[in-house]
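> no sequence on this one, just coordinates:
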């Protein structure tokens, strides 16, 4: 445990709001937050064990796509408000420690608390009395209070809070300064200090007990996962009976506010929604039938799409191409992308499978032109802008309805399927984190 710095009470209150280290600071959660806090006047150190990312960020280069960050990062580094390091002793040199370590799930989709504990033990070992510890990523309910007890057991007098991020990946810098911030403190002191910290961003603060803050994040992600599953299930029903889901969706949402929340169909992947839905199921002793049913629907969609093609086009000797391997459009994040699940299914059914993505660098991928030229059947895996106006004269599976069709009316962003050589589908609504 590091030696505590000498801080007066007045200086401590000021330091609580101004001196911050972010553990996992070069990742999708920590880096945009660090830039935003530095831009708000705080002094921020990004701590990360990924030396490649540390070098990239230190040189002012974003290691992933984030709107507005390519300009904001170099500016934050240049004015001295933002620094980056791989030295864990940085934890002890700041008044506030924000940790972007969440509770993972294992191969059985059960929360793995032991992994979280091991990571946090290393963080606590560098901390000293009077610091504020903020958990930023999604954690299993009860973890915040449990961590506060663990700290007290080892003689560490710190404040512990959970302040979940709720941004859409790729739009974090915009949303961090706009969305209300939920704050859950293990103690009133922790809640007050965390509220002051995030108050730097100029957003509304909503204070809850710690376990309610933890559940608020899980409820938010599980709700979105279930919402997408409803649409995907409806898509499957429509496809089974030869109906056009996109046309139905357009009909029921046009000037009808009660259906405004009705999402469009599409792949529901990424590192958060399924994981957090399963964490909520684990917390409720696996009595979460809606969540488990949603998983079966969303995870089963790639298989349904392939079976739909097989019913019309033999695949055994065919070459299939997947356009877009990221888990959502205009992203370079492949984590938990259902495009990879689609590829596995197609590899069992087809002679050859080609993959392409303008944002993901993979030596096994081919160019868009090559994929379009060699494929017998094409699947849209992610709604990258580069694909929107493609004119494809081959059987194409576009579950999102993303490709612009001549049938579109005033709304160029909505597509509809139709068997004009395109298989039924429609566009997914907004970014899916």
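Yep, it's here. Please read these numbers as outputs of a predicted model, since none were measured by experiment.
> buried residues in the top helix by length along the chain?
In the chain, ranked by residue count with DSSP state H as the criterion, the top helix is helix 210-240. Neighbour-count burial for helix 210-240, with 16 or more other Cβ atoms under 10 Å as criterion, is recorded at 210-211, 213-218, 220-222, 224-236, 238-239. (C-beta placed from N, C-alpha, C; glycine too.)
> other SSEs contacting it?
helix 143-153, strand 159-162, strand 181-185, helix 245-253, helix 273-283, helix 289-310 (3 or more Cβ pairs under 8 Å, 6 or more residues apart in numbering; DSSP states H and E).
> name the helices or strands packed onto the third one?
Counting by 3+ Cβ pairs under 8 Å, 6+ apart, the packing neighbours recorded for strand 181-185 are strand 159-162, helix 188-199, strand 205-209, helix 210-240.
> could you do the fourth one as well?
For helix 245-253, the packing partners by 3+ Cβ pairs under 8 Å, 6+ apart come out as helix 210-240.
> now the helix it packs on: average pLDDT?
Taken as a whole, helix 210-240 has an average pLDDT of 97.
> what angle do helix 289-310 and that helix make with each other?
Counting by axes from the mean of the first three to the mean of the last three Cα atoms, to 10 degrees, helix 210-240 lies at 30 degrees to helix 289-310.
> okay, angle between helix 210-240 and helix 143-153 too, please.
Going by the same axes, to 10 degrees, helix 210-240 makes 150 degrees with helix 143-153.
> any idea of the angle helix 210-240 forms with helix 188-199?
Relative orientation of helix 210-240 and helix 188-199, computed by the same axes, to 10 degrees: 60 degrees.
> any chance of the helices and strands packed on strand 181-185 in CSV, plus distance to residue 142?
Formatted as CSV, the helices and strands packed on strand 181-185 follow (distance: least, Cβ to Cβ, whole Å):
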stretch, distance to residue 142
strand 159-162, 10
helix 188-199, 15
strand 205-209, 11
helix 210-240, 6
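> so which of those is nearest residue 298?
Among the helices and strands packed on strand 181-185, helix 210-240 comes nearest to residue 298, with 5.2 Å by Cβ to Cβ.
> which residue ranges make up each domain of this structure?
Domain segmentation of the chain under automatic domain parsing yields 9-203, 217-423.
> if we can go back for a sec, now the longest helix of the chain, how far from the centre of its chain.
Distance of helix 210-240 from the chain centroid (Cα atoms, centre = their mean, to the nearest Å) equals 14 Å.
> element containing the closest residue to residue 217 other than its chain neighbours, please.
Counting by Cβ to Cβ, 6 or more residues apart in numbering, the nearest residue to residue 217 once its immediate chain neighbours are dropped is residue 164, at 3.7 Å. Under DSSP states H and E, no helix or strand contains residue 164.
> I'd say residue 164 and residue 213 touch.
Yes: counting by Cβ atoms under 8 Å, residue 164 touches residue 213, with 6.4 Å between them.
> where in this protein is pLDDT low?
For the chain, the stretches with pLDDT under 70 are 1-17, 405-433.
> quick one: the strands in it?
Ranges of strands in the chain, per DSSP state E, are 19-23, 43-47, 82-85, 96-99, 132-135, 159-162, 181-185, 205-209, 319-323, 352-356, 377-380, 396-397, 422-423.
> need these in a markdown table (columns: mean neighbour count and distance to residue 31).
Shown next, in a markdown table, are the strands of the chain (neighbours: other Cβ atoms under 10 Å; distance: least, Cβ to Cβ, whole Å):
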| stretch | mean neighbour count | distance to residue 31 |
| --- | --- | --- |
| strand 19-23 | 26 | 8 |
| strand 43-47 | 25 | 7 |
| strand 82-85 | 22 | 9 |
| strand 96-99 | 26 | 12 |
| strand 132-135 | 27 | 16 |
| strand 159-162 | 29 | 20 |
| strand 181-185 | 25 | 18 |
| strand 205-209 | 16 | 23 |
| strand 319-323 | 26 | 28 |
| strand 352-356 | 21 | 27 |
| strand 377-380 | 26 | 29 |
| strand 396-397 | 22 | 35 |
| strand 422-423 | 22 | 39 |
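> make JSON lines out of these and add distance to residue 332.
JSON lines is the format used below for those (distance: least, Cβ to Cβ, whole Å):
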{"stretch": "strand 19-23", "distance to residue 332": "21"}
{"stretch": "strand 43-47", "distance to residue 332": "19"}
{"stretch": "strand 82-85", "distance to residue 332": "20"}
{"stretch": "strand 96-99", "distance to residue 332": "24"}
{"stretch": "strand 132-135", "distance to residue 332": "26"}
{"stretch": "strand 159-162", "distance to residue 332": "29"}
{"stretch": "strand 181-185", "distance to residue 332": "27"}
{"stretch": "strand 205-209", "distance to residue 332": "32"}
{"stretch": "strand 319-323", "distance to residue 332": "15"}
{"stretch": "strand 352-356", "distance to residue 332": "13"}
{"stretch": "strand 377-380", "distance to residue 332": "17"}
{"stretch": "strand 396-397", "distance to residue 332": "23"}
{"stretch": "strand 422-423", "distance to residue 332": "27"}
